[in-house]
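Enquirer: coords please:
(one chain, ligands or ions: 1)
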Amino acid sequence: MSTAPPEEPTEADTAWDARRSWRVRPTLPGGDYHLPEVWDLERERVFATSWVCVGREEEVAPGSYVARELAGESILVVGSPEGHARAFFNVCPHRGTRLLDGSGILESGRIVCPHDGWAFDAEGALVDAPNVGRGAPGAAGRALWPVGVGAWEGFFFANLDGDREPLQVYLQRNPEGDPTPHIAAWRMADLRIAHRIDYEVAANWKILVENYSECLHCPTVHPELVRLVPLFRKGMVEEGDGAELAEGATTLTASGTSNRPPLPGLEGRDRHVYLGNHIHPTLMINLHSDCVMTYRLEPTGPRHTRVVSEYLFHPDTIARSDFDPSDIVAFWDVVSRQDWAVCEREQLGVSSRAYARGGVYPYNDHSVVDFNERYVADMHPGASRTRPLR
Ligand SMILES: [Fe+2]
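Expert: This is a model prediction of the structure:
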């Protein structure tokens, strides 16, 4: 008597197995979201050792600079005449004065201290020290303190710890996995910024990352979004290769469509998905068929985060006479403000004494757990990653 061969497990079977074997995890303790001493330790153990996205390469043309905040430090990213970027602490090595603000063109290609006129070239070397002499004792050999800088997909990243761990190696151990294979088709290095919105959010940066990493809140908080992304209505996030859009939708606008052509290189399913990526610690990349929208978090303290949201398009699309990004900007602005409002409410609750020992993660929060485990590994190397659930 013959028996039928066992059927291959379906995707639904695998998802159910994962859900059934899930061990409920505790969140981080409440204090991790508001205590000044935790923020001070994060500045050392997360932000001073990670590759942190600080902008797009297009912002630093040869001979120009941008000053960016990196968790309480100001850094300068400078475009050298040869076209490569260098980064430095925004601090004069004479008396510690903040050197430059905002962005602009370097006078004669030099970084000049507004305090004493000490001047540095785009490589950070001291080239002038008025009334002292650059070769005089105390000035000779002085240079700007360097910061590691690296580029990936048109983003530039800074590392206060230098470049001991190459950026590509760092990306390979991203908590969600190496993002490069999933997003290569979007060819983000070719895209340019067409719109930017800065948001000031009264919430800890980790609350924003965690909110981004789960969709249990989507049916409640985002009625417009779940209409276009059916998976989100079920409280699920995509796994690796994106969430399919509703029938007929190609992007995230009120109509689900736009007059912009798909980005070059996108074929088939990639023209009908939304894909969200978190790059540890503070970059989120939202991929659509016609646009890439990014959130870059600039934490300013334990209870506040500035969010820089930029909309990237192909230069040929930006050059069209009918180019108008307001449809996708309007849609995401609504979704973003919905998120910031609920994050600010979460900030109020996590500071309660009732929440000192934290809350709980059911299965749908598994991406949040991946982020938390990496955070704990950064903050407390060698510590046990799994606290008991109370
Ligand atoms: Fe959300």
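
Enquirer: in contact with Cys82, which residues?
Expert: For residue 82 the amino acid is Glu, not Cys. Pro62 (C-beta atoms under 8 Å, 6 or more residues apart in numbering). Glycine gets a C-beta too; all of them are placed from N, C-alpha and C.

Enquirer: for the stretch 1-150 of the chain, which segments are assigned as strands?
Expert: For the stretch 1-150 of the chain, the strands defined by DSSP state E, counting those that start in this stretch occupy 25-26, 52-56, 64-70, 73-79, 85-89, 103-105, 111-112, 119-120, 126-128, 146-152.

Enquirer: now do the first one: distance to the chain's middle.
Expert: Mean C-alpha position of strand 25-26 versus that of the full chain (C-alpha atoms, centre = their mean, to the nearest Å) differs by 25 Å.

Enquirer: picking that back up, for Asp322, find the nearest of the strands of the stretch 1-150 of the chain.
Expert: strand 52-56 (24.5 Å; C-beta to C-beta).

Enquirer: so where is the stretch 1-150 of the chain shaky, pLDDT-wise?
Expert: 1-7, 9-16 (pLDDT under 70).

Enquirer: the stretch 251-390 of the chain now?
Expert: Checking the stretch 251-390 of the chain against pLDDT under 70 turns up 384-390.

Enquirer: where exactly do the helices run in it?
Expert: For the stretch 251-390 of the chain, the helices defined by DSSP state H, counting those that start in this stretch occupy 315-318, 326-350, 366-379.

Enquirer: in CSV: the ones you listed, plus mean neighbour count and distance to Thr180.
Expert: What follows is the helices of the stretch 251-390 of the chain, written out as CSV (neighbours: other C-beta atoms under 10 Å; distance: least, C-beta to C-beta, whole Å):
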stretch, mean neighbour count, distance to Thr180
helix 315-318, 15, 22
helix 326-350, 17, 24
helix 366-379, 19, 17
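
Enquirer: okay, those helices in JSON lines with distance to Arg23 next?
Expert: Output for the helices of the stretch 251-390 of the chain, formatted as JSON lines (distance: least, C-beta to C-beta, whole Å):
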{"stretch": "helix 315-318", "distance to Arg23": "46"}
{"stretch": "helix 326-350", "distance to Arg23": "23"}
{"stretch": "helix 366-379", "distance to Arg23": "10"}
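
Enquirer: of all these, which lies closest to His272?
Expert: Judging these by C-beta to C-beta, what sits closest to His272 is helix 326-350, at 15.5 Å.

Enquirer: report the central residue of this protein.
Expert: Leu283 (0.5 Å; C-alpha atoms, centre = their mean).

Enquirer: list the contacts of that one.
Expert: Contacts for Leu283 (C-beta under 8 Å, 6+ apart) come out as Cys53, Phe155, Thr294, Tyr295, Arg296, Leu297.

Enquirer: let's see that with 6 Å instead.
Expert: By C-beta atoms under 6 Å, 6 or more residues apart in numbering, the contact set of Leu283 is Cys53, Arg296.
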